[in-house]
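Q: What would the 3D arrangement of this be:
(chains A and B)
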Amino acid sequence: MSPDSSPLMDDVFVTALRHDLLKFARLQLRNDALAEDMIQEALAAALAGARRFEGRAALKTWIFAILRNKIVDHFRVSGRVTNVSALSPEEAGLDQAFEALFKANEHWAPDARPSAWGDPEEALVQQRFWAVFDACLNHLPAGTARVFMMREFLELETAEICRALEITAGNCNVILHRARNGLRRCLDKNWFSPEPTRC
Amino acid sequence: MLSCRQATRLMSEAQDRKLGLAEKMSLELHLAMCKGCTNYRAQVSFLRDACRRYLADVREGQE
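A: Predicted structure coming up:
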């Protein structure tokens, strides 16, 4: 394969690729300029890599892996200066909202008891669901979102997250629990809006 | 006996590590009796599925 026939020389392919890379990087980084920079670096690294791929899908997967690693490295470096375990007012708010779900005996308050979401698989094939999901992810406070993203989107084990961000395992668990409960409530309110159930 | 509040913590941690035998048993016992927490578990597991799907769609370029 000559360099000229590389998919990375094909404007249509690269435009579509950039679109998907940007979507992923923005979600992780919450900073458009930084996301652009990372994508440039990932594409440059891919061009320099000059590997052969059976098809464009494999090439795309490889470039995503490069971008993912760059984002992980970025979090490793910035994790030491960003204190994700510090509690922002937004995070304190999520914690208060969580505590308010329970009665004094720590069992569900009747109006806060989680309901069945019906067939959630149905949601996953609907375009509008993903807009709500995106909004709910972006609505999470920055520190909480970062830990959740590292776990679910960069697919790191909690031990790796603890090391990268220099937080304790207990802290990591607390933050992930906060993120999951926040997301769950956001989706419940904005998508599933279910009927109340009895325990 | 686990409270619902404690159960939610264990259900979140179960997404990140293998629970110990005692933890697992007390959680299962609680879930057997509590519909709210059973729904909570399904919701948390849905979040994992949704993230996986989101990731796959972005990687494969589906809109």
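Q: Excluding chain neighbours, what is closest to the residue of chain B found nearest chain A?
A: Going by Cβ to the nearest Cβ, chain A is nearest to B:Ser3 of chain B, at 3.3 Å. In short, each C-beta sits where N, CA and C put it, glycine included. Leaving aside its chain neighbours, B:Ser3 sits nearest to A:Glu106 (3.3 Å; criterion: Cβ to Cβ, 6 or more residues apart in numbering or on different chains).
Q: Report all helices and strands that the longest helix belonging to chain A contacts.
A: Longest helix of chain A, by residue count under DSSP state H: helix A:56-79. With contacts defined as 3 or more Cβ pairs under 8 Å, 6 or more residues apart in numbering or on different chains; DSSP states H and E, the packing partners of helix A:56-79 are helix A:11-29, helix A:32-49, helix A:142-152, helix A:158-165, helix B:35-60.
Q: For chain A, give me the ranges with low pLDDT.
A: Along chain A, segments meeting pLDDT under 70 span A:1-5, A:50-51, A:80-81, A:194-199.
Q: Quick check: nearest residue in space to the residue positioned nearest the centre of it, chain neighbours excluded?
A: Nearest to the mean C-alpha position of chain A, counting by Cα atoms, centre = their mean, stands A:Met149 at 3.4 Å. Leaving aside its chain neighbours, A:Met149 sits nearest to A:Gln28 (5.3 Å; criterion: Cβ to Cβ, 6+ apart).
Q: I'd guessed that neighbour sits against A:Phe153; true?
A: Yes. Contact between A:Gln28 and A:Phe153 holds when scored by Cβ atoms under 8 Å: they sit 6.4 Å apart.
Q: Mind checking which of the two has more residues around it?
A: Between A:Gln28 and A:Phe153, counting by other Cβ atoms under 10 Å in any protein chain shown, A:Gln28 is the more crowded of the two (22 against 19).
Q: Where does the record place the domain boundaries for chain A?
A: Chain A breaks down into these domains under automatic domain parsing: A:3-79, A:89-192.
Q: Please identify the most buried of these.
A: For the domains of chain A, the largest average neighbour count (mean count of other Cβ atoms under 10 Å in any protein chain shown) is found in domain A:89-192, namely a mean of 17.
Q: how long is that one from one end to the other?
A: By Cα to Cα, to the nearest Å, the extent of domain A:89-192 from end to end equals 27 Å.
Q: Which residue comes closest to A:Leu95 once chain neighbours are left out?
A: If you look again at residue A:95, you'll see it is Asp, not Leu. A:Asp95 sits nearest to A:Arg178 (Cβ to Cβ, 6+ apart), 6.4 Å away.
Q: Tell me the secondary structure of the closest residue to chain B within chain A, please.
A: The minimum distance from chain A to chain B, using Cβ to the nearest Cβ, falls at A:Glu106 (3.3 Å). Per DSSP: H, G, I helix; E, B strand; the rest coil, the local secondary structure of A:Glu106 is coil.
Q: hang on, the earlier thing: is it true that the residue nearest to A:Asp95 lies in a helix?
A: Yes. According to three-state DSSP, A:Arg178 belongs to a helix.
Q: Let me see the contact set for it.
A: Taking Cβ atoms under 8 Å, 6 or more residues apart in numbering or on different chains, we find A:Arg178 in contact with A:Glu91, A:Leu94, A:Asp95, A:Phe98, A:Thr144.
Q: and if we set it to 7 Å?
A: By Cβ atoms under 7 Å, 6 or more residues apart in numbering or on different chains, the contact list for A:Arg178 reads A:Glu91, A:Leu94, A:Asp95, A:Thr144.
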